[in-house]
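Engineer: Got a predicted structure plus its sequence, pasted below:
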Amino acid sequence: MVDIVEISAIVTAAGVLVGVVYYILEMKNQTRIRQTDLVVGLYSAFTSDDFQVALLKTMNLEFEDYKDFVKKYGSFSLETPVSVAVRKIVYYYSQVGILLRRGLVGADLVYEGMGGVTMIWNKLEPLIEGYREHAGYNFGMWFEYLCNEMKKREQQLTSKTA
């Protein structure tokens, strides 16, 4: 026959098990909430007037390479409206690249919500590469990482539909 001590032990074990399951589910929910907040913040910054003006200014620039950029718009290191706009774009996409690399945002989410990453990278690549040589550090490396990941995602989607 089952005595009160055994019943108490079973109830305690069941209570601990329920508590562990609840904790695991709550942690998953909190992670999803944090990721959602992060993505909302990213898209809020992306759709802000300030960012959109910088993006349009950047995409309307005409230059062949870093030297041509400096000749037409001045030193990239100066605080000119053009340089500030370009750096704002590079830093933003670099931050997204870091978040993607660390697994804090998914490639699908970035791909679906921020179309045109590769187009912007292709526009700025000659400037970024030249500035890297000039400044001696890997400027925009996380932006480049983001672009490469978006290209991989595009290839995956293309191969699925083919």
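Structural biologist: Thanks, I have the structure now.

Engineer: so where's the longest helix in the protein?
Structural biologist: helix 4-46 (DSSP state H).

Engineer: Moving C-terminal from it, which element do we reach first?
Structural biologist: Sequence-wise, the next helix or strand downstream of helix 4-46 (DSSP states H and E) is helix 49-59.

Engineer: which strands and helices sit next to that following helix?
Structural biologist: helix 81-101, helix 117-135 (3 or more C-beta pairs under 8 Å, 6 or more residues apart in numbering; DSSP states H and E). For the C-beta atoms, the positions are set from N, CA and C on the backbone; glycine is no exception.

Engineer: still on that earlier bit, list the helices and strands the longest helix of the chain packs on?
Structural biologist: So helix 4-46, by 3+ C-beta pairs under 8 Å, 6+ apart, packs with helix 81-101, helix 107-113.

Engineer: How far away from the center of its chain is stretch 131-141?
Structural biologist: In this view, stretch 131-141 has its centroid 20 Å away from the chain centroid, taken as C-alpha atoms, centre = their mean, to the nearest Å.

Engineer: repeat for stretch 37-55
Structural biologist: Mean-position distance between stretch 37-55 and its chain equals 12 Å (C-alpha atoms, centre = their mean).

Engineer: Likewise for stretch 78-97?
Structural biologist: On C-alpha atoms, centre = their mean, the centre of stretch 78-97 falls 14 Å from the chain's centre.

Engineer: Need the CA coordinates for that stretch. CSV is fine.
Structural biologist: Extracted C-alpha coordinates of stretch 78-97, given in CSV (Å, rounded to 0.1, in the frame of the first residue of the first chain):
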residue,chain,number,x,y,z
LEU,A,78,35.3,64.8,-42.4
GLU,A,79,31.9,65.7,-41.0
THR,A,80,30.3,66.7,-44.3
PRO,A,81,26.6,65.9,-44.9
VAL,A,82,27.6,63.3,-47.6
SER,A,83,30.1,61.5,-45.4
VAL,A,84,27.8,61.5,-42.4
ALA,A,85,25.0,60.1,-44.5
VAL,A,86,27.2,57.3,-45.9
ARG,A,87,28.7,56.4,-42.5
LYS,A,88,25.1,56.3,-41.1
ILE,A,89,24.2,53.7,-43.7
VAL,A,90,27.3,51.7,-43.3
TYR,A,91,27.1,51.7,-39.4
TYR,A,92,23.4,50.7,-39.5
TYR,A,93,23.9,47.8,-41.8
SER,A,94,27.0,46.8,-39.8
GLN,A,95,25.0,46.7,-36.7
VAL,A,96,22.4,44.5,-38.4
GLY,A,97,25.3,42.2,-39.6
